[in-house]
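Enquirer: Any chance you could fold what I've pasted below:
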Amino acid sequence: MRIALGGLTPEEDAIMDRAISETYSAKDITPTSNPALWKDKIPLMEDLEQVLRTMEGADSLVKRLQKLTTGTYANFFNKPSNISLQKNIVSFGIREMEDSLRPMAIYIIMRHIWNTVRSELKKRIFVLDEAWWLMQTEDGASFLFGMVKRARKYWLGVTTITQDVDDFMRSEYGRPIITNSSLQLLMKQSPASIETVQKAFALTSEEKTLLLETSVGEGIFFAGQKHVAIKVVASPAEHEMITTAPEELARRKAREVLEGEPRFGVRKTDESEQNPYNQADNL
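Expert: Sure thing, here's the model as predicted:
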């Protein structure tokens with residue numbers, strides 16, 4: 001709620017803490033009730049709003065909460081979760097979300113994943129792209145730091161990816177997250193951020209120069225105390241699946257129009273043509 005509402009004063013924090021407890025208690029979700037009966041009673045944001053309306057000094061909280069219950073963000077926040085993590089690969093896409101919603105969305109998704117990780121012990125990998133979004137708030141940054149510190153205990157590997165090193169390192173939790181990573185990969189850096197990167201990773205002058213002059217796919221790979229230059233080369237099929245270059249996407253779209261079918265995905269076929277190993281299944 002601190003992230004969603006743009007921060008809370010100490011008084012608002014106390015009110016919100018009590019309101020959340022009362023919201024769950026109203027649904028008979030308490031430390032002494034049977035967890036097996038909780039699933040169908042999970043409260044929504046609108047339930048929290050109704051409790052806040054009955055509390056003195058909560059008028060400002062109610063007004064700010066309405067964007068999550070009846071406003072712009074209601075479709076994302078004010079509905080039961082329908083996500084299952086019982087798959088080999090689960091990808092949460094937030095590309096279409098507006099910027100102000102992303103830190104909240106990433107935080108909620110990570111909480112959901114973390115609860116699942118702790119509830120069932122098995123080997124998993126969690127990859128967080130554009131991690132700098134989460135580092136914009138203290139609560140988000142501290143949560144990511146806590147996950148990185150505790151992940152091994154729950155058989156979880158954590159990978160953070162960011163294009164904005166300055167934003168990541170500006171947080172007091174950014175540097176500890178990096179130092180807790182056993183493997184690190186640095187790609188080409190901008191002159192504006194290279195000083196921050198050199199200090200954080202203890203780069204030599206030669207490594208600093210290398211990161212300023214490298215080509216696409218080149219960088220430095222860190223494994224413990226060992227630093228090695230690296231070049232990542234994608235196969236043609238991999239490149240076509242992952243490229244985001246506008247000119248390449250435009251050429252692909254033009255080709256698909258001419259050929260009458262998408263290069264990747266599933267096209268309609270007769271039963272005799274159907275292949276159980278189509279591209280979508282492989283992905």
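Enquirer: Regarding the nearest residue to residue 227 once chain neighbours are set aside, what is its secondary structure?
Expert: Nearest non-adjacent residue to residue 227, counting by Cβ to Cβ, 6 or more residues apart in numbering: residue 220, 5.7 Å away. (C-beta placed from N, C-alpha, C; glycine too.) The three-state assignment at residue 220 reads strand, by DSSP: H, G, I helix; E, B strand; the rest coil.
Enquirer: Residue 220 against residue 228, yeah?
Expert: Yes - when contacts are counted by Cβ atoms under 8 Å, residue 220 is listed as touching residue 228 (7.1 Å).
Enquirer: who's more crowded, those two?
Expert: Relative neighbour count places residue 220 above the other of residue 220 and residue 228, with 19 against 8, counting by other Cβ atoms under 10 Å.
Enquirer: mind listing what that one touches?
Expert: The neighbourhood of residue 220, defined by Cβ atoms under 8 Å, 6 or more residues apart in numbering, consists of 185, 186, 203, 207, 210, 211, 227, 228, 229, 230.
Enquirer: and the last one, helix, strand or coil?
Expert: Secondary structure, three-state DSSP: residue 230 is strand.
Enquirer: Next up, the contacts around it.
Expert: Residues counted as contacts of residue 230 (Cβ under 8 Å, 6+ apart) are 185, 218, 219, 220, 221.
Enquirer: Quick check: closest non-adjacent residue to the last one.
Expert: It refers to residue 221. Leaving aside its chain neighbours, residue 221 sits nearest to residue 230 (4.3 Å; criterion: Cβ to Cβ, 6+ apart).
Enquirer: how near is the one you found to residue 2?
Expert: The spacing between residue 230 and residue 2, counted by Cβ to Cβ, to the nearest Å, is 39 Å.
Enquirer: How about residue 86?
Expert: Computed as Cβ to Cβ, the residue 86 to residue 2 distance reads 31 Å.
Enquirer: The two: which has the busier surroundings?
Expert: Set residue 86 next to residue 2 and count neighbours by other Cβ under 10 Å: residue 2 wins out with 15 against 7.
Enquirer: Could you confirm that one falls within a strand?
Expert: No - per three-state DSSP, residue 2 lies outside any strand segment and is coil.
Enquirer: wouldn't it be in contact with residue 8 here?
Expert: Yes - Residue 2 is within contact range of residue 8, at 5.2 Å (criterion: Cβ under 8 Å).
Enquirer: Which of the contacts of residue 220 ranks first by neighbour count?
Expert: Counting by other Cβ under 10 Å, top hit in the contacts of residue 220: residue 211 with 22 neighbours.
Enquirer: what's the nearest residue to it if we skip its chain neighbours?
Expert: With Cβ to Cβ, 6+ apart, the residue lying closest to residue 211 is residue 189, at 4.6 Å.
Enquirer: quick one: that neighbour and residue 226, what's the gap?
Expert: 20 Å.
Enquirer: got it, and residue 201?
Expert: Taken as Cβ to Cβ, the span from residue 201 to residue 226 is 13 Å.
Enquirer: between those two, who's got more neighbours?
Expert: Neighbour comparison, residue 201 and residue 226: the larger count goes to residue 201, with 18 against 7 (by other Cβ under 10 Å).
Enquirer: Quick check on that one: phi, psi?
Expert: The phi/psi pair for residue 201 (degrees, to the nearest 10) reads phi -110, psi 10.
Enquirer: Is it correct that it is in contact with residue 185?
Expert: No - proximity of residue 201 to residue 185 does not meet the contact threshold set by Cβ under 8 Å, at 10.9 Å.
Enquirer: any residues in contact with both of those two?
Expert: Shared contacts of residue 201 and residue 185 (Cβ under 8 Å, 6+ apart): residue 222.
Enquirer: Mind checking what secondary structure residue 244 has?
Expert: Once three-state DSSP is applied, residue 244 turns out coil.
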